[in-house]
Structure formats: C-alpha cells, structure tokens
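sequence first, predicted model second:
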Amino acid sequence: MSSNDDPVAIPMIERKPNDLPGMDTSDLNTFTGEAVLSFHNISYRETVQSGFPFRKKTCVIERLSNINGIMKPGLNAIMGPQDGSRTLLLDVLAARKDPRGLLGDVLINGKPRPANFKCTSGYVPQNDMVMHTMTVRENVEFSAALRLPMSITRDEKRRRINEVLELLHLDEESNVKPRSKELRKRTSIAMELITGHPVLFLEDPTTDLDLSTTTDVFSVLRRMSKRGQTIIFSITQPPYSIFRFFDTLTLVASGKVMFHGPAQKALEYFTSAGYNYDSLNNPVDFFLDIISGGSSAILDTEEDCYEADKYKELPERQHQVTEKLANMFAQSSLYSEMRTELDPLLGEQKVGRSSALEEITCVTPFWHQLWWITCRSFKKFQCFSWVTVIQAIIEVIMAVVIGTIFYFLQDDCTEVQRRTAVLYLLTGFECFTSLSARELFMNDRDHFLHEHTSGYYSVSSYFLGKLLAELVPRRLLQSIILTVIIFIISGIRRDVKGFFTMIFTATMLVYSASSVSLSLGAGENAAAIPTYLIINYIMFMLFTSGLSLYHINFMYDLSWIQYFSIPHYGFSALQHNEFLGQNFCPEHKTAEISRCQGYVICTTEEYLANQGIDISSWGFWKNYVALGCIMIIFLSITYVQLLSLKKKRYF
C-alpha cells in the first residue's frame, strides 16, 4: 500500500466533472459539477409501535430536531456518540430514509434535490456491499456497466475503471476476490467513484480498518474533494492524523447540533466557552467527551457543583448537557455566519415533502441490466460449485436408495402399489429439496436494496436475472438427476414419451414448490417466518396424498384440500403418466391373473378411477395447469414483496 506522499496519477479526477461524457449539466436529474448541499430546519420523526398485537400503542419520536447546515466541496464529517443521530442525519441528507418522517428542506445549489437523488449521488454503506464471489475488477465493472450511460464506449469505461483502481491502489489486487475488510472497503468506494457523481456519502468508512488503511482511504478522499467533489461521511472516533483532513465538522447528539463549522475552529470554539482541554488529548476525544456529558463537559466555574451532581441520573445529565450545548451553538457567531450563507440559498422556496423523492431511475435499458445480473448471478452459482456438487451427491445417493428398494418392478398387478410408492417418494423428495430456494432472495436482500436504490437496475431485471441464473439451473439439475436414476434402476414405464413426461412433471413440481419457498423468503419479515411452517405444509399435503396408498380416500371427505396441495397435483400427474394404457393381467399369463384377486383390477384405468384420478386428457393436463398457476401466483407474490421491500428499506 502506498504512503500518503507517493505521487498518484489521477487523470480522470483532474478533469472537470462536467467534462465527463454522457452527462448533461443542464438537467438537474443528472447534475454534475460542484454541488453545495444545504439543509434548513431539518427534523425527522419516526412512528414507533409497542405493546401486544391488536393492542399496540403508537407514539411519534423526534430523532432529529431543527438542524441547519451547509456542506461544500471538501471533506464534511458528521460525528457524535453512539445514539444513532450521526448516521440518521447522514441518511436523511442522502435521501436514504423514508421521506414521510422528514420536515424541512434539503437543497442542492439552492434547488430541491432531484427526485432520483439516490441514483445521482454515491453512497458507501458501513457494511460494504461487494460480491465476495467476484474479483475487485469484476465488482467495479458491474457498477460501471449499469451506472454509466450506454453512450459511453466500452474502451472509455475500461479506461475509467483502470484509473479508479489505480487511484485507490487496487490495480495490483484487481484480480483478487475482496475477502478482507480493508479490500472490501476500498472496492466499495471504487464502485461509487466510477460514476463521477459530485456528492459522495460514506457511512463510518473507518469501521474495522487499521490506521494505515484508514489514512490511505482518507488520503484518496482528500484528493477527490480537492477536485471539487462534496464528500459527506459519518465517523466514530478518528485519530488526529485523520481529523486534520476534515474541512467541516458537524457534532450531533440526541438529535441536536452541538457544533457545525470549519473543523479547525472546533477546538477554539469549545475552549473559548470555558471547557478544559488537555494538550496531550486528541481533540476528537475532547469533543465527544463534551457532547456525551463526560468530565470535559464541566466548566471551570462548575467544578465545585460537580461532586454533588455526579450521582445524578446519567440520562438526565446528558439531556441537560445536550440542551445547553445546542443553545450555546444557536447563540454563537458561527451559527450567525452559517445563517448568512443559508438564508440566500433557501430564498422564497417552500419545498414540500412528497413521494417524488422515492423515484428510482436507471441509465441502462432492461435487457442490458438483465444480462449483467444474470452473468453475475451465474458466477456466484459457479463459485459455490462445491455446494452444488454436494447437493448432487445427495440426490444421487437418495435416488439410488429409492431405486434399489424398488429394483426392477415387475409388469403384473401385484406391483401396482410398489410403483405408486416409488412415484410418491419421488414427489415428496422433489418437494423437500425446494425448501432451500427460500434463501435465494433472502441472503442478497441488503445487496438488492443498496444497488436498486442507487440505480443499478430495476426490480424486474433483478428478479428475472436471479431466477434464470440461480434457481432454474440448480433446481433443473437436481430434478433431472433424481428422476433419471430412479427411472433407470426401478424399471418404471420405459417408453420415451413416458420418460420425458416424467422429467417435465418432476420439474413442474419442484418449481411450483420452490415458488412457495421464494414467496416466504423475499418479504420484510422473512427471517421471522420459520422454515418448519413450509415443512408442515408439505408434510400435511403429502400425508393426505399418501393415504391413497392404503386405499383411504381421505380427499373424498375433504376434497377442497387438493386445490391447495402441490404434492397432490404432481403425484396425480405421475400416476396418470405411469399407469394409463397399461394392462398388468394379459390373457396369456394365467398365473399372474390368479394373483390379481383382491385389491387391484388388471386394467390400470380402473385403478386410477378408484384413486379418484380423472383418466381423460384434461384430467392429466389440469395438473400442469394447476402447478403452473400456483407457480405464477407465488412468483408474483415474491415480485410484489420485492417491490414493497424497497419502499420500506432505504440503503
């Protein structure tokens, strides 16, 4: 890693931002150039529910209160104690919080934020949203391919990628997968810098980084800010070597501003107010101690009273300190100077809060997004090839066991129940293997929310891409392996048409069952829905279908259950395919006929009729129609949940 004094070639950054191809500075929705972000009388309220279901109490909590400020090109730090205020303020400024709780105005160059501000500004979350299954270069290429306009040539995109990788000292590690925290952080920043947006937000960029890496990251951010980029970030407790890079500092606690102004004036501001500062102490620790109500918050004139009050309730003392510091700043000369800059920016504008701030726009067409999402998902699928291999081995073992148990079924009437048992086990196993589909969207939820909110792709392209690249090949492979092995070993219907019909039925069965799992794993509360609910559903439906093996027509009394039973449709279609048109008691086999007395009739059409299975052509195809309808319904539910999910969560 390079030191801070090493010369770094940054030709892309040295150009004016409005020289970047494919951007139009006249359009506010794709603004470029220098950006001055100002916020006026910002308050943020959250509605919180508590209590038992059906008797919940609702209360409104004010998390931010009457916050004003201005952030210009440079490094703008937001600091505060661990009460959530600094991250909340950052997310509000970045339009990453629900606008329904926002009061006040956030302006860019004196104008309202564009409706798609989340897509025209960069945002690096604390938990880095990079794909560990892709290399550093592949992650940056993905961001460039979906967030840069199609008018930019492939060579120009490649040149930008190389420049950004060099800027962040990633060129020598570009073909390495970002496993370490340090490499993931720099890769996350690279994915945002590639767009050339004039405003960049970072949530606690120093989390879990060592001092050397932190210094290196801020050295790069400093260079970016010197080229006219407005960089706004929250940060916990940086060392002085990092603090000296800051241009402006905003101290917030309990939703109120304690200080906002040039970072290098903060120490003078507090010491002139009478606070004790030890020259050996880090100024950052001094500031945080003050706004947290620590010992540094005690003025010289208050030392005598401190001993008497030191046992006072901590929340009460912190509240007093917060109110005191907020009032002190509101009466300071720094606040007056800030108002002098803010008032002309606000002017006569009355910016209302509306749903327009939730608009998501993409610069690339649907098919381009679908291609890149499919390619990335397929790479992820390939990187977990060992998981696929293990699953395939399990499928082979189970298929061999089932096939061996029913090894080479005979063509006589005594084997009908054994054949039915094979098809029943196949149905059950296909249903249970679909349970893992629940994790398809659940594991990538944070990636989806961040990337979609940032304008990478639409919900529809993400949804289809994930299905095509991960769900389809994985489920198809497992279904084919299981069905083919059982077909070969057990000796069930051997004709070509019966074979492909069996494959198709098993595939429809597993995709229909997978769609149910997907719908339960894509919602906001997916983690709270236990997997055993799906298992109980499958077990109960298999139970009702399996009773037919013992000639218990349970479905006759509760026939409505079959309309909700995926195993029922798959099992019926498999039996229809296996038995229709067969005769297990030919006239020249009198010995077999003598054994057919009792539980079965030689013609399998009568056997199917006894099971309540319609032997007509429609009786066969209606199972596929039902499975197809179930699949479409639950996939639609999954898609709707993804749509609603992005409205509730902001990343």
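Thanks, I have it. Residues are numbered from 1 along each chain as shown.

the longest helix in this structure is where?
Criterion DSSP state H: the longest helix present in the chain is helix 617-648.

list the buried residues of it.
Going by neighbour count (16 or more other CB atoms under 10 Å), the buried part of helix 617-648 is 620, 623-624, 626-627, 630-631, 634-635, 637-639, 641-642, 645-646. In this view, the C-beta of every residue, glycine as well, is placed from N, C-alpha and C.

please apply the same query to stretch 102-121.
In stretch 102-121, counting by 16+ other CB under 10 Å, buried: 102, 104-108, 112-121.

closest to G69 among those?
V106 (10.2 Å; CB to CB).

in which helix or strand would I find the nearest residue to the closest one once chain neighbours are set aside?
Excluding its sequence neighbours, the residue lying closest to V106 (CB to CB, 6 or more residues apart in numbering) is F39, at 4.9 Å. Secondary structure assignment for F39, by DSSP states H and E: strand 37-50.

then F270?
Using DSSP H and E, F270 falls in helix 266-272.

helices and strands around the helix or strand just after that helix, which ones?
Note on helix 266-272: by DSSP H and E, the next helix or strand toward the C-terminus is helix 283-291. Packed against helix 283-291 by the contact rule (3 or more CB pairs under 8 Å, 6 or more residues apart in numbering; DSSP states H and E) you find strand 74-79, helix 240-243, strand 248-253, strand 256-262, helix 266-272, helix 314-330.

residue ranges with poor pLDDT in the stretch 451-600 of the chain?
Applying pLDDT under 70 to the stretch 451-600 of the chain flags the ranges 491, 493-494, 523-531, 546-560, 581-600.

helices along that one, start to end?
For the stretch 451-600 of the chain, the helices defined by DSSP state H, counting those that start in this stretch cover 459-466, 472-490, 496-521, 531-546, 554-557, 566-579, 590-594.

tilt between the longest helix of the chain and helix 566-579?
150 degrees (axes from the mean of the first three to the mean of the last three CA atoms, to 10 degrees).

now do helix 617-648, average pLDDT.
Helix 617-648 shows an average pLDDT of 86 in the prediction.

so how far is it off the chain centroid?
Between the centre of helix 617-648 and the centre of its host chain there is 22 Å, according to CA atoms, centre = their mean, to the nearest Å.

am I right that the residue nearest to V106 is in contact with L64?
No - counting by CB atoms under 8 Å, F39 stays clear of L64, with 9.8 Å between them.

what do those two both touch?
Common neighbours of F39 and L64, counting by CB atoms under 8 Å, 6 or more residues apart in numbering, are V92.

which strand residues bridge L202?
For L202, the beta-bridge partners under DSSP bridges are V124, F233.

is it true that it touches Q229?
No - in this structure L202 lies outside contact range of Q229 using CB under 8 Å: 11.7 Å.

what helices or strands is the one helix or strand V60 maps to leaning on?
Using DSSP H and E, the element containing V60 is strand 57-71. On a contact count with 3+ CB pairs under 8 Å, 6+ apart, strand 57-71 meets strand 37-50, helix 85-93, strand 248-253, strand 256-262, helix 333-346.

closest to V422 out of the ones you listed?
Of all the helices and strands packed on strand 57-71, strand 37-50 comes closest under CB to CB, at 52.0 Å.

kindly export the closest one (C-alpha atoms) in PDB.
Output in PDB follows, covering the C-alpha atoms of strand 37-50 (Å, rounded to 0.1, in the frame of the first residue of the first chain):
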ATOM      1  CA  LEU A  37     -25.700  20.700  -0.100                       C
ATOM      2  CA  SER A  38     -27.600  22.800   2.400                       C
ATOM      3  CA  PHE A  39     -30.200  21.700   4.900                       C
ATOM      4  CA  HIS A  40     -32.700  24.000   6.600                       C
ATOM      5  CA  ASN A  41     -34.700  23.400   9.700                       C
ATOM      6  CA  ILE A  42     -34.400  19.600   9.400                       C
ATOM      7  CA  SER A  43     -36.400  17.500  11.800                       C
ATOM      8  CA  TYR A  44     -37.100  13.800  11.500                       C
ATOM      9  CA  ARG A  45     -39.800  11.800  13.200                       C
ATOM     10  CA  GLU A  46     -40.400   8.100  13.500                       C
ATOM     11  CA  THR A  47     -43.600   6.300  14.400                       C
ATOM     12  CA  VAL A  48     -42.900   3.500  16.900                       C
ATOM     13  CA  GLN A  49     -45.400   0.800  17.900                       C
ATOM     14  CA  SER A  50     -45.200  -1.100  21.100                       C
END
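
give me the angle between it and strand 57-71.
Using the same axes, to 10 degrees: strand 37-50 against strand 57-71 is 170 degrees.

and strand 37-50, which strands flank it?
Strand 37-50 is paired, per DSSP bridges, with strand 57-71 (antiparallel), strand 102-108 (antiparallel).

what about that strand, distance to the chain center?
The answer for strand 37-50 is 24 Å, by CA atoms, centre = their mean.

ditto for stretch 40-51
Once both centres are worked out by CA atoms, centre = their mean, stretch 40-51 turns out to sit 24 Å from its chain's centre.

mind exporting the C-alpha coordinates of stretch 563-571 to PDB?
The C-alpha atoms that make up stretch 563-571 are tabulated as PDB, following Å, rounded to 0.1, in the frame of the first residue of the first chain:
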ATOM      1  CA  TYR A 563     -56.800 -27.300  -4.500                       C
ATOM      2  CA  PHE A 564     -54.100 -26.200  -2.100                       C
ATOM      3  CA  SER A 565     -51.900 -29.200  -2.500                       C
ATOM      4  CA  ILE A 566     -48.800 -29.100  -4.700                       C
ATOM      5  CA  PRO A 567     -47.900 -32.700  -4.000                       C
ATOM      6  CA  HIS A 568     -51.400 -33.800  -5.000                       C
ATOM      7  CA  TYR A 569     -51.100 -32.300  -8.500                       C
ATOM      8  CA  GLY A 570     -47.600 -33.700  -9.000                       C
ATOM      9  CA  PHE A 571     -48.500 -37.200  -7.600                       C
END
